[in-house]
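A.B. asks: Provided below are the primary sequence and the corresponding predicted coordinates.
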Amino acid sequence: MKNPGIPDRLHQLLPGVSRVYRNYDIQQKKWLTDHPQIRVRCGPGCGYCCNMSVRVNLLEAIMIRENAGERGVAKAVKAGKRILDFARGYHGSEAGYFYAFRLMLKRCSFLARGDRCLIHPFRPLSCREILSGLPGRYCGAEAMENSTAIALRRQRYRLPAGIFRGSPFVFPLIEAGHSFEKQLDARLTDELGLSIRGEMNFLLRLLDQDEFARLLGKGIPGEICAFFEQNQYPRVLVEVT
């Protein structure tokens, strides 16, 4: 679902986004091959972690918008409004926000029946990085909140502390993904003079707005920054660097 207002020069960067995804997938596969003692339990139909706040680069959001289909994008845009209202009304800690976010969102906008991911081939890096060493039922928001229970489960399933670091997720793969995220940020900065990273549904909502698309088309960093300053979007939703 292409917004004609989004400049072609940003669309032309999308093959580079696909290459970044492929390179990360290759590195992830190699890491798992080199660590055969790590059993990843994620698989088709497991959607227990698919209610997290997914942080994406603007180029990733454009990639999703172009490939997800009109209905899927419309659902995400609607969720983006709800997420904005939720973030503006939240007054607790940042850590508490992300827990409360999961309880509020309940399901990813792109999760279909049977917990099937509708954007799996072009899912963002934030989703690719998350692989669990525990059965999916232990990756839900309520289960993750109980740190004592997680510690006991880690012992039961013999998850190495240095690799899992107190969570069900393979930390080195998350850490490795950060360097690939920086590659995307650099590509966007080279084109726009700044980088935009934020919550997936919220960025899809922004891309649906003609005013924001026009600003991207003009490509003037000061005007883009002024747009975000004027709207005073919460930092948990978007950051411009």
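C.D. replies: Perfect, I can see it now.
A.B. asks: Could you tell me which residues make contact with the residue nearest the centre of the chain?
C.D. replies: In the chain, the centroid-proximal residue (CA atoms, centre = their mean) is V54; its distance is 2.7 Å. Contact criterion CB atoms under 8 Å, 6 or more residues apart in numbering gives 108, 124, 126-127, 199-200 as the residues in contact with V54. For glycine as for every other residue, the C-beta is placed from the backbone atoms N, C-alpha and C.
A.B. asks: got it, and W31?
C.D. replies: Applying CB under 8 Å, 6+ apart, the residues contacting W31 are 172-173, 176.
A.B. asks: Need those in JSON lines (columns: secondary structure, neighbour count and pLDDT).
C.D. replies: Output for the contacts of W31, formatted as JSON lines (DSSP: H, G, I helix; E, B strand; the rest coil; neighbours: other CB atoms under 10 Å; pLDDT from 0 to 100):
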{"residue": "P172", "secondary structure": "helix", "neighbour count": "16", "pLDDT": "94"}
{"residue": "L173", "secondary structure": "helix", "neighbour count": "21", "pLDDT": "94"}
{"residue": "A176", "secondary structure": "helix", "neighbour count": "16", "pLDDT": "94"}
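A.B. asks: between these, which is nearest L58?
C.D. replies: For the contacts of W31, the closest approach to L58 (CB to CB) belongs to A176, at 21.8 Å.
A.B. asks: correct me, but that closest one touches K29?
C.D. replies: No. Under the criterion of CB atoms under 8 Å, A176 is not in contact with K29, lying 11.6 Å apart.
A.B. asks: Where do the helices of this structure begin and end?
C.D. replies: For the chain, the helices identified by DSSP state H occupy 8-11, 14-34, 58-67, 70-89, 94-105, 125-128, 141-145, 147-156, 161-164, 171-192, 200-207, 210-218, 221-231, in order along the chain.
A.B. asks: Of the ones you listed, which stretch is the most buried?
C.D. replies: helix 200-207 (a mean of 26; mean count of other CB atoms under 10 Å).
A.B. asks: Contacts for the helix or strand of the chain with the lowest mean pLDDT, please.
C.D. replies: Scoring the helices and strands of the chain by mean pLDDT, DSSP states H and E places helix 141-145 at the bottom, with a mean of 74. Applying CB under 8 Å, 6+ apart, the set of residues contacting helix 141-145 from outside is 51, 99, 102-103, 137-138, 149-150, 167-168.
A.B. asks: Dump those to TSV, plus distance to Q12.
C.D. replies: What follows is the contacts of helix 141-145, written out as TSV (distance: CB to CB, whole Å):
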residue	distance to Q12
N51	33
Y99	39
R102	35
L103	39
R137	43
Y138	42
A149	48
I150	44
S167	38
P168	38
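A.B. asks: Tell me how many other residues surround L237.
C.D. replies: Using other CB atoms under 10 Å as the criterion, L237 is surrounded by 21 other residues.
A.B. asks: unless I'm mixing things up, it is touching D85, no?
C.D. replies: No. Using CB under 8 Å, L237 and D85 do not qualify as a contacting pair, with a distance of 10.9 Å.
A.B. asks: Where does pLDDT dip in the protein?
C.D. replies: 1-4 (pLDDT under 70).
A.B. asks: could you redo the last one with a cut-off of 90?
C.D. replies: Per-residue confidence for the chain (pLDDT under 90) gives these ranges: 1-7, 37, 41, 43-48, 69-71, 94-95, 99, 113-115, 133-168.
A.B. asks: Relative to K218, how far out is R158?
C.D. replies: R158 is 55 Å from K218, where distance means CB to CB, to the nearest Å.
A.B. asks: Would you mind measuring from the residue nearest to V40 when sequence neighbours are not counted to A143?
C.D. replies: Spatial nearest neighbour of V40, chain neighbours left out: L131 (4.7 Å); criterion: CB to CB, 6 or more residues apart in numbering. Remark: distance between L131 and A143 (CB to CB) = 16 Å.
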